[in-house]
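**Q** Sequence below, structure please.
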Amino acid sequence: MPDTLSFSAETLTGRSRAHIVDMEDPRCSLHREVVQPLLAMRAAARRAGIDLVPISGFRDFDRQLAIWNGKCRGERELRGVGGELLDARALSEEELVDAILIWSALPGASRHHWGTDMDVIDAAAVPAGYVVRLVQEEYASGGIFSKLNRWLDDNAGQHGFFRPYGVFRGGFRPEPWHLSYAPVAGVAEQLFSADLLRQALAAAPMDAVDAARRRLPQIMERYVRNIDPPPAGIAGAAIPGTRLA
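**A** Reported below is the predicted structural model:
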């Protein structure tokens, strides 16, 4: 790990992948400083009979934009806070923004842009023909990933990882599959701002963009900053001397 670490406005908002490494095994794209910690955690999980595999790592701005617009247009499944299906065509722009943000980040504001965050499963626990849904039931007691969930509770912090969406805080719904590498994500959190997000959205062909722009301060507070902090004593620490390149 370098003594200092920098992000640019483009890397923070998913408009550049200059900080990203494409891995072959497991097949995943992550921040270059997250690769070795992930491999070490995978090796430890393997000794416990778990095949810890990221099924989503770095996600760029355009990919997040496609998810957002697809939900706005009714082309992707849209659900309410209780998981009920919603009809995007029946909602105002403000209601659409509220509904989408429960489950999906605003383009430019996803932690996946940083390359520090990933969604993980236990590939060894997936039965033949099973389609992973990434829902809480899969990680709860009796779910196919309950063993992975318990292992992460006990061991993720030793490798510098934590779960930013462990409990519902009024923003995103809990995501027990979502891991973040604290030493590098902490740097991105320090540098990220509403102004950077506003710049990223300035020319984006985004649906409901006016409603989202009007609420950027609230979105920053409720969905970007409103996370579970890394537990005390987690391995590693945010790198000092950080800067916006």
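
**Q** Kindly provide the distance from the residue of the chain most remote from its centre to residue 101.
**A** Distance from the C-alpha centroid of the chain peaks at residue 90, with 28.2 Å (Cα atoms, centre = their mean). Look at residue 90 and residue 101: by Cβ to Cβ, to the nearest Å, they are 18 Å apart. Bear in mind the C-beta positions are built from the backbone N, C-alpha and C, glycine included.

**Q** quick revisit: do you know the pLDDT at the residue farthest from the centre of the chain?
**A** As predicted, residue 90 sits at a pLDDT of 96.

**Q** Do I have it right that residue 207 meets residue 70?
**A** No. In this structure, residue 207 is not within contact of residue 70 by Cβ atoms under 8 Å, at 9.2 Å.

**Q** between the two, who's got more neighbours?
**A** residue 207 (20 against 17; other Cβ atoms under 10 Å).

**Q** Name the helix or strand for residue 42, please.
**A** Using DSSP states H and E, residue 42 maps to helix 35-47.

**Q** Which residues belonging to that helix are considered buried?
**A** Across helix 35-47, burial judged by 16 or more other Cβ atoms under 10 Å covers 35, 37-38, 41-42, 44-45.

**Q** Could you give the average pLDDT over it?
**A** Computed over helix 35-47, the average pLDDT equals 98.

**Q** just stretch 170-190 next, same as before
**A** Here the average pLDDT along stretch 170-190 is 94.

**Q** For that stretch, measure first residue to last.
**A** 22 Å (Cα to Cα, to the nearest Å).

**Q** How far off centre is that stretch?
**A** Stretch 170-190 sits 6 Å away from the centroid of its parent chain (Cα atoms, centre = their mean, to the nearest Å).

**Q** can you pull out the strands in the chain?
**A** Secondary structure of the chain, counting by DSSP state E: strands at 6-7, 20-24, 27-31, 52-56, 117-122, 161-162, 178-181, 243-244.

**Q** okay, the ones you listed in TSV with distance to residue 193 next?
**A** Listed next are the strands of the chain as TSV, based on distance: least, Cβ to Cβ, whole Å:
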stretch	distance to residue 193
strand 6-7	11
strand 20-24	21
strand 27-31	19
strand 52-56	25
strand 117-122	18
strand 161-162	22
strand 178-181	19
strand 243-244	9
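
**Q** can you put those in CSV and add distance to residue 64 and mean neighbour count?
**A** Listed next are the strands of the chain as CSV, based on distance: least, Cβ to Cβ, whole Å; neighbours: other Cβ atoms under 10 Å:
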stretch, distance to residue 64, mean neighbour count
strand 6-7, 17, 20
strand 20-24, 15, 14
strand 27-31, 14, 21
strand 52-56, 11, 20
strand 117-122, 12, 24
strand 161-162, 22, 24
strand 178-181, 15, 25
strand 243-244, 21, 13
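
**Q** if you average pLDDT over each of those, which comes out lowest?
**A** Minimum mean pLDDT among the strands of the chain: strand 243-244, a mean of 68.

**Q** Make sure residue 132 is actually in contact with residue 119.
**A** No. Residue 132 is beyond contact range of residue 119, at 9.5 Å (criterion: Cβ under 8 Å).

**Q** on that earlier part again, for the strands of the chain, which one sits closest to residue 136?
**A** Residue 136 lies closest, by Cβ to Cβ, to one member of these: strand 178-181, at 11.4 Å.

**Q** Keeping just the C-alphas, turn that closest one into PDB.
**A** Only the C-alpha atoms of strand 178-181 are listed here, as PDB (Å, rounded to 0.1, in the frame of the first residue of the first chain):
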ATOM      1  CA  HIS A 178     -21.800  -5.900  -0.100                       C
ATOM      2  CA  LEU A 179     -18.200  -5.600   1.100                       C
ATOM      3  CA  SER A 180     -16.000  -2.500   1.200                       C
ATOM      4  CA  TYR A 181     -12.200  -2.300   1.600                       C
END
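
**Q** Who does that strand pair with, and is each partner parallel or antiparallel?
**A** If you go by DSSP bridges, strand 178-181 pairs up with strand 117-122 (antiparallel), strand 161-162 (antiparallel).
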